[in-house]
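**Student:** Would you be able to build a 3D model of this:
(2 chains)
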2 protein chains.
Amino acid sequence: MANGAQAMLRTLLDAGVEVCFTNPGTSEMHFVAALDTAPDMRAILTLFEGVATGAADGYARMADKPASTLLHLGCGLGNGLANLHNARKGNVPVVNIVGDHAIAHAQYDAPLQSDIETAARNVSRWVRTSRSTAELCRDVAEAVAAAKGPPGQVATLILPADVSWGEGGVPVSAPEIAKPPRAADDVIEKIARVLEAGGRNALLLGGRALREPTLLAAARIAAQTGARLYAEVFPTRLERGAGLPHVERIAYLAEMASVQLAGLDNLILVDARAPVSFFAYPGKKSYLVPEGCTVHELASPDQDVSGSLESLCVQLGADQVAPTLQAPLRPGRPRGKLTAEKVCKAVGHLLPQNAIIVDEAQTSGTMLPMFTAGAPRHDVLALTGGAIGQALPVAVGAAIACPDRQVLALVGDGSAMYTFQALWTMARERLNVVSIIFNNKSYGILNVELERVGAGKAGPKAKAQLDLNSPGLDFVQLAEGMGVPAVRVTTAEDFTAALERALASPGTHLIEAVVPSVFSGLKLRVLPWLLRSLGTLPDPVARALKRKLAP
Amino acid sequence: MANGAQAMLRTLLDAGVEVCFTNPGTSEMHFVAALDTAPDMRAILTLFEGVATGAADGYARMADKPASTLLHLGCGLGNGLANLHNARKGNVPVVNIVGDHAIAHAQYDAPLQSDIETAARNVSRWVRTSRSTAELCRDVAEAVAAAKGPPGQVATLILPADVSWGEGGVPVSAPEIAKPPRAADDVIEKIARVLEAGGRNALLLGGRALREPTLLAAARIAAQTGARLYAEVFPTRLERGAGLPHVERIAYLAEMASVQLAGLDNLILVDARAPVSFFAYPGKKSYLVPEGCTVHELASPDQDVSGSLESLCVQLGADQVAPTLQAPLRPGRPRGKLTAEKVCKAVGHLLPQNAIIVDEAQTSGTMLPMFTAGAPRHDVLALTGGAIGQALPVAVGAAIACPDRQVLALVGDGSAMYTFQALWTMARERLNVVSIIFNNKSYGILNVELERVGAGKAGPKAKAQLDLNSPGLDFVQLAEGMGVPAVRVTTAEDFTAALERALASPGTHLIEAVVPSVFSGLKLRVLPWLLRSLGTLPDPVARALKRKLAP
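**Tutor:** Okay, here's the model as predicted:
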């Protein structure tokens, strides 16, 4: 006879959920005790809930199936919300398990009592508090099915302690998941006619449209019709590199995105949303689709995205067309004083086959897409929801999902400090992750944003709010304090050598790259002018500048 | 002409809000830029929102007025929720300012868009999204008034970027705050009769009833009527030490609390709630007031607590009675291999006058109340809401509020890792904080809870979930990585010397105390028996054991 927790673990495993990222407390102790009855469930302890939720996100992006979390009541959920937000915005499946007080205990409003369902709804389309041990496994199976989607989503199951410890749990088999429908024939035909009519057209690919088969279909359509290919700003998972079609990402900076989209007649959305500015700015547009451009949706995230695009390809007679593929091309070895650009160059120089790049380098990563475009094929996992503190946790999950692949996490210093505890789990699980911290001693992106929002000349108090150099952060000590070998470098030669060494030896490594801010001094002062001018520059000049600056 | 942010800062200052704990992003850049127009507003940058919210909590506990936070949209709020939960449970005033997208931008569901109001409601009794620059300062004034209470509470003002950057902000003066009412005469008279009738009675003091004037009134009542004095488990702020009445805290472990409360005829609540178990356990009671004991409420948190208790004192004719005061008494200098008990002993040996102890030492702090009872007078700030990761941030805020007082943060290793980023702000602001990390290489309390919940014999996978030793955490490197000088000690002599040195030199210090778990091995195995037996032991034995074990 199983208790709730034991039956629940069997139900999770039956549904293919084999990994649980945990940060448990008293109300989850029966779940913890039950782990020894479920040898196939891998339980991975984190020191902070934001690591657990980000790791579940990273795992699912690479494994294409959900992991679960195990969080401690409403406060544990709170600590995990930011990375669940990122998962939600990326349509990533996560089975979020939040322990709660025993049902009869709730009336006493004990110190840790809070409204978990309300907090969970913010990030979860599916939320349920399981009411009895007998019903628990049905709830678990439904949670997993809801998480899987499509589209993938965060499903939060709240698990009262007595539902977990109660006897009479009966494992439930995973329900069949219906195959999602392709786009309707008339939608495909209409979009085919738009593309065949010529003009300046583009496909905007997002979500699951950025994987190889779909990318190839998109590239065939592009070759056949002359349509451009764009990827959304922060892809959940983008497969790219030599041998795959190159897809340009929409720029983070709205001014640059506007240049990319200027003059378009039609924009075809494929598991993507019409581009909008990340933030609003005084006097500037939020909606970035140019006037006169018609937006069409080929497939939404709840449809068969790949099948829809392949049908469009067939409809256009493009399925036998040769797609344009990225040629192998690596940048040379960088030399001299280290800059963020040279870090990106060295990554492009050395990137191993099948690497996974987790990119939260912000301003420092500006040149990364360019320098890695022709590197061996790799995946890029980006900051889908814009909530910083994601890269190190996502790297944990990606490495668990893909133990044979090299993970590189590129992270700004400010971003790294939100969820730095992820390093400990990397060391504990001996994950193949090289974390590269760009230490530019500031919230570099905010220097840019302070200029962009037109907040006037920044005084010393404002500038102090963007400064990370008083005191300076020593990422080598921080990493070593959690058991991760680390090195600080200040030259391109040392960085490249350190990255070479780290890639050559299995396990977890950290490299602190001391770099100047990408936008500082003169560059920062001319930025507003540059951004204002972009739209008025001759197209080739604007596009070259935009390529140079786009993330 | 002021913009919204500038007028808002003036309104905050006028209402006595002089400190803002920040972690801003793009949507808060106008607030940041406006800081240079408000020289009296102290803006303190944190690396993580949980530090900002915990610091605002600690500041208000000591300053008796709110600070504000500055957080970045819903995800920034999410990261700050756990410590706002602690503030909420402790009735601590916090003016929580959350930046948001410009109002017109919300329709585009940009990546960082989320439902901020819903997340905020979980921790805030007052929530409002300001709708225009013209109305902003009225909203700010109301937020501050709501935060001040009584009772103190978290008031969350959501600040759309365009409301902040819009012109036409007009500062608003702080409204008068009405003095809260005393308890009604008939309530006071009835409780006086109960106490005069004799029997086994106790006053349970919480919230603002644990400050000197109220404590003295309570001690006079105790001397006059024979009533016992108890403090709630985790006080918001408890004034204690030599020269003040000694008040025993209700034990965290329900089994021990039951012994404390056994046989009571009447329990008088003074800004406190009837005691309940922190968690529920299979087959055990949640509500800890013994059968046959009548609960009376003298004053609730929204009343004049001090005035009500003083009225009761007068009603009893006890206002001229000499209260029993704690005599000065320090433990000796500990010797030999370091244990958690010896750390607490050394703290009692050395505690300076007017120190502020922030206690999140969990199992390792078990002996702290005993060893510091007769130390020079000091304040204890406890884990009001049970959400761990509070002590280091609260220490930041307490040190900002009281620059002339020594702050000691006593923190378990597990707890410390939730919000360790607080160390950086301590170093940056040169705060007089000595952080003592009990490194017992485990979630010690969960070892106890695993036994208490009756989850059966823990297997290796369960035990691994409580283990913090693979890899071990090096708190010296972690602290030095954020600019805080630190030392690791393994003997009582070294710990005492290190604490002496740290107290003698101004600024921020950290001591990593390597200690065995308080409950391990034999102690852990006999704990369930001990806890089961407590209620059946002869009263003096049970009380002695309880004193030995109570937090």
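
**Student:** Would you map out the domains in chain A?
**Tutor:** Residue ranges for the domains of chain A, per automatic domain parsing: A:2-169, A:185-315, A:340-519.

**Student:** Which of those sits closest to residue B:184?
**Tutor:** Among those, domain A:2-169 comes nearest to residue B:184, with 24.5 Å by CB to CB. The C-beta positions use only the backbone N, C-alpha and C, and glycine is treated the same way.

**Student:** Pull up the distance across that closest one, start to finish.
**Tutor:** 5 Å (CA to CA, to the nearest Å).

**Student:** and if you look at stretch A:148-165?
**Tutor:** 27 Å.

**Student:** how about it against chain B, any contact?
**Tutor:** Yes - judged by CB under 8 Å from any CB of the partner chain, stretch A:148-165 and chain B are in contact via A:161, A:162, A:165.

**Student:** how close does the first one sit to residue A:4?
**Tutor:** With distances defined as CB to CB, to the nearest Å, the gap from residue A:161 to residue A:4 amounts to 9 Å.

**Student:** And the second one, by the same measure?
**Tutor:** Taking CB to CB as the measure, residue A:162 and residue A:4 are separated by 8 Å.

**Student:** More neighbours: which of those two?
**Tutor:** With neighbours defined as other CB atoms under 10 Å in any protein chain shown, residue A:162 and residue A:4 compare such that residue A:4 has more, 30 against 21.

**Student:** in the helix or strand encompassing residue A:119, what counts as buried?
**Tutor:** With elements taken from DSSP states H and E, the one containing residue A:119 is helix A:116-121. Residues of helix A:116-121 classed as buried by neighbour count (16 or more other CB atoms under 10 Å in any protein chain shown): A:116, A:117, A:119, A:120, A:121.

**Student:** Using JSON lines, lay out the residues of stretch A:148-165 next to chain B together with secondary structure.
**Tutor:** Listed next are the residues of stretch A:148-165 next to chain B as JSON lines, based on DSSP: H, G, I helix; E, B strand; the rest coil:
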{"residue": "A:161", "secondary structure": "helix"}
{"residue": "A:162", "secondary structure": "helix"}
{"residue": "A:165", "secondary structure": "helix"}
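
**Student:** Turn those residues into a markdown table, columns for pLDDT.
**Tutor:** As requested, these are exported to a markdown table (pLDDT from 0 to 100):
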| residue | pLDDT |
| --- | --- |
| A:161 | 96 |
| A:162 | 96 |
| A:165 | 95 |
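
**Student:** and which of the residues you listed is nearest to residue A:292?
**Tutor:** residue A:161 (59.2 Å).

**Student:** and the closest one, how many neighbours does it have?
**Tutor:** Other residues close to residue A:161 by other CB under 10 Å number 27.

**Student:** what residues are up against it?
**Tutor:** Residue A:161 makes contact with A:26, A:27, A:28, A:30, A:99, A:100, A:101, A:102, A:105, B:279, B:280, B:453, according to CB atoms under 8 Å, 6 or more residues apart in numbering or on different chains.

**Student:** Of the residues you listed, just say which sits nearest to residue B:518.
**Tutor:** residue A:26 (16.5 Å).

**Student:** Verify the stated contact: residue A:218 with residue A:239.
**Tutor:** No - the criterion here is CB atoms under 8 Å, and residue A:218 misses it with residue A:239 at 11.7 Å.

**Student:** Of those two, which one has the most company?
**Tutor:** Set residue A:218 next to residue A:239 and count neighbours by other CB under 10 Å: residue A:218 wins out with 27 against 18.

**Student:** Need the three-state assignment for that one.
**Tutor:** Secondary structure, three-state DSSP: residue A:218 is helix.

**Student:** Nice, that's everything, thank you.
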